[in-house]
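A.B. asks: sequence below, structure please.
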Amino acid sequence: MEQATFSKYSWIDFAFSVIGVCTFLVDWGSDVWVATEFYCRGHFLWFGVLVGLMVLSSVVVQMFSWFWLKYDRELPGFSEQTGGGTVLFGDRVELSGLLHVLQLGFLCRHISAIRQGFRVWWRKQEGSEYAVYLTHDLSMLRLIETFCESAPQLTLMIYVMLRTNKARTVQFVSIAASTTSIAWMVVDYHRSLRSFLPDKAKQGWCSSLIYFLWNLLLIAPRVAVLALFASVLPGYIGAHFLMLWFVFVLWAWRQRTHFMDSVSGEWLYRATVGLIWYFSWFNVAEGRTRGRSIIYHSFITTDGGILLATWWCYRDHVQSESYALALLITLPFTYLLGLLFKTVYYCCFHPKLWRPPARDPGLPTDLPDAEVSFRDFSIQDGTSLSQLLNKRMACHATHFYSKQRLESNTVSTNRVELSRL
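C.D. replies: Numbering: from 1, shown residues only. Prediction:
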C-alpha cells in the first residue's frame, strides 16, 4: 500500500520558529509605536482604527488557537503521543484558557514550539512529530493574523500617507513591518505545504519564489487600490468592506466548508475566509477550483477597476499630479503580472501531492471528518502509521497539491475542506 511521507523536524524548522516569534514581537512593537504616535498627535480616528485592527486580529487568532486546542485534546491517543506535554502547560485547561483570554495564547504557542523544537533538534530527544505538528498550526495562525491585521494595517498606513501627503519614519516602519509580515507568511505557509510532499528535496526554492511573487503582485495592487479609494471617499470604505465581506461569507457557506470540528468554529472560519477574500484568493472547497478562481479574480478585477476609476475622478489633481498617472498604469499592470506568475506557477512549478493510501475495504469511504484519525498517515522515515500528523495542515496540502478529481479510494480527510492561496 502506498503511504504518505512527511519530513521530520530539522534545524530549519527550529530557525523558522525563532524567526517567527521575533517577527511577531517586532510587528507588535511597531503597532504600539504607531498607535502611540497617532494618539499623541491627536489623530484619534486613525488611532482607534489601528487599535481596533490589533484587537480584532488578536481575538480571532486566540479563538482559532483555543478551538484547535480543544479539538486536539479530544483526539484519541493525542496526550500519549505528545507525552502529556500538549500546548500551553500540559493538561491544565483552566490556565490555558486564561492565557487565551489574556491574548497570550498565540505567543505561548510560539514559545511551546521553540521549546519542543530545541528538545528535538539540539538535545536529540523524541517528539519530532509533535514539533512539526506545532509549527504547522503556527503557520496557519500566522496566515490568519496576516490578513486580519497586517493587510488592513498596510492599507491604513498608505491611506494616511495619501491623506497627509507626507510620510514620517514611524509610518515607513509600520509599512515595512506589515510588508515583512505578509512576505514571511507567504514563504512560511508555502514551506509548510511543501513539507507534506514525498519528495521534498526536489521542490527547490524556485517554487517558493514564484509562489511568493504571484501572491505579492496580486495583494499589493489590491491593498493600494483600497487605500486610494479610501483617500477620496473615506466614509464609504467601511460600507464597501461590509458588503463584500457579507457576500464572501455567504459564498463560503454555499461551498459547505467543513474545516472546523464545531458549528461555531466553522462560522468563525467562514467569517475569516470572507476577510481573507477581501484581499486575496484562498481556496476552501474541493473540486471546481479553476472555475471558482476565475470567478473570484474576475470579480476582484472589476471591483478594483471601479475603485481605481472612482479615485481618479475624485482625487485632488494638484496633490496627486506627480504620481496619479503612474499609479493608474502600474496597478492594473502589476495585478495582471501577478495573474501571469500564478499561471506560470501552476503550469511549471506546482507539484502533485502523494496519492492518499487506500483504506481497508471493510471500512466505509465516507467517514465523517471527526472520525478520521491522524494515524492514517506516516512520516518520512518510513515508520508505522501511528505517527502524529496535523490533520488541518495535511488537508490544506492535499487540496493544494492534488488534482481536482481524486480517485474513489481517497481517504476521508480529502473530504475535509481545504485551502489554497
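A.B. asks: hey, where'd the helices end up in the stretch 51-200 of the chain?
C.D. replies: 78-81, 93-101, 105-121, 128-145, 151-164, 169-194 (DSSP state H, counting those that start in this stretch).
A.B. asks: out of those, which gets nearest to V26?
C.D. replies: helix 169-194 (6.3 Å; CB to CB). C-beta: built from backbone N, CA, C; applies to glycine.
A.B. asks: next, the angle from that closest one to helix 151-164.
C.D. replies: 150 degrees (axes from the mean of the first three to the mean of the last three CA atoms, to 10 degrees).
A.B. asks: tell me, how many residues neighbour T180?
C.D. replies: The local packing of T180 (other CB atoms under 10 Å) involves 15 other residues.
A.B. asks: sorry, back to before: ok, which of the helices of the stretch 51-200 of the chain comes nearest V51?
C.D. replies: Closest to V51 of the helices of the stretch 51-200 of the chain is helix 151-164 (CB to CB; 10.8 Å).
A.B. asks: mind giving me the packing neighbours of the closest one?
C.D. replies: helix 44-74, helix 169-194, helix 205-232 (3 or more CB pairs under 8 Å, 6 or more residues apart in numbering; DSSP states H and E).
A.B. asks: switch the cut-off to 10 Å
C.D. replies: The helices and strands touching helix 151-164, judged by 3 or more CB pairs under 10 Å, 6 or more residues apart in numbering; DSSP states H and E, are helix 11-40, helix 44-74, helix 169-194, helix 205-232, helix 234-254, helix 263-277.
A.B. asks: output those helices as TSV; include the columns distance to L141 and mean pLDDT.
C.D. replies: TSV is the format used below for the helices and strands packed on helix 151-164 (distance: least, CB to CB, whole Å; pLDDT from 0 to 100):
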stretch	distance to L141	mean pLDDT
helix 11-40	10	82
helix 44-74	6	90
helix 169-194	10	75
helix 205-232	18	88
helix 234-254	19	94
helix 263-277	11	93
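A.B. asks: so which of these is nearest V344?
C.D. replies: V344 lies closest, by CB to CB, to one member of the helices and strands packed on helix 151-164: helix 205-232, at 6.4 Å.
A.B. asks: check the offset of that closest one from the chain's centre.
C.D. replies: Taking CA atoms, centre = their mean, to the nearest Å, the mean C-alpha location of helix 205-232 is offset from the chain mean by 15 Å.
A.B. asks: report the angle between the axes of that helix and helix 151-164?
C.D. replies: Using the same axes, to 10 degrees, helix 205-232 lies at 50 degrees relative to helix 151-164.
A.B. asks: buried ones in helix 205-232?
C.D. replies: Judged by neighbour count using 16 or more other CB atoms under 10 Å, the buried positions of helix 205-232 are 207-208, 210-232.
A.B. asks: tell me the angle of it relative to helix 234-254?
C.D. replies: Using the same axes, to 10 degrees: helix 205-232 against helix 234-254 is 140 degrees.
A.B. asks: residue contacts, D188?
C.D. replies: 16-17, 19-20, 23, 135, 138-140, 142-143, 146, 208 (CB atoms under 10 Å, 6 or more residues apart in numbering).
A.B. asks: could you do I329 as well?
C.D. replies: Contacts of I329 (CB under 10 Å, 6+ apart): none.
A.B. asks: which element is it on?
C.D. replies: helix 324-344 (DSSP states H and E).
A.B. asks: now do that helix, average pLDDT.
C.D. replies: Taken as a whole, helix 324-344 has an average pLDDT of 93.
A.B. asks: okay, angle between it and helix 205-232 too, please.
C.D. replies: 150 degrees.
A.B. asks: with just CA atoms, put helix 324-344 into PDB.
C.D. replies: C-alpha atoms of helix 324-344 as PDB (Å, rounded to 0.1, in the frame of the first residue of the first chain):
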ATOM      1  CA  ALA A 324      -1.600  59.800 -10.400                       C
ATOM      2  CA  LEU A 325      -0.900  58.700 -14.000                       C
ATOM      3  CA  ALA A 326       1.900  56.300 -12.800                       C
ATOM      4  CA  LEU A 327      -0.500  54.600 -10.400                       C
ATOM      5  CA  LEU A 328      -3.200  54.400 -13.000                       C
ATOM      6  CA  ILE A 329      -0.900  52.400 -15.300                       C
ATOM      7  CA  THR A 330       1.200  50.500 -12.800                       C
ATOM      8  CA  LEU A 331      -1.500  49.000 -10.500                       C
ATOM      9  CA  PRO A 332      -3.500  47.200 -13.300                       C
ATOM     10  CA  PHE A 333      -0.300  46.100 -14.900                       C
ATOM     11  CA  THR A 334       1.100  44.700 -11.600                       C
ATOM     12  CA  TYR A 335      -2.200  42.800 -11.000                       C
ATOM     13  CA  LEU A 336      -2.100  41.200 -14.500                       C
ATOM     14  CA  LEU A 337       1.600  40.300 -13.900                       C
ATOM     15  CA  GLY A 338       0.600  38.600 -10.700                       C
ATOM     16  CA  LEU A 339      -2.000  36.600 -12.600                       C
ATOM     17  CA  LEU A 340       0.700  35.600 -15.100                       C
ATOM     18  CA  PHE A 341       3.000  34.400 -12.400                       C
ATOM     19  CA  LYS A 342       0.200  32.400 -10.800                       C
ATOM     20  CA  THR A 343      -0.400  30.700 -14.200                       C
ATOM     21  CA  VAL A 344       3.300  30.000 -14.600                       C
END
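A.B. asks: all set, thanks.
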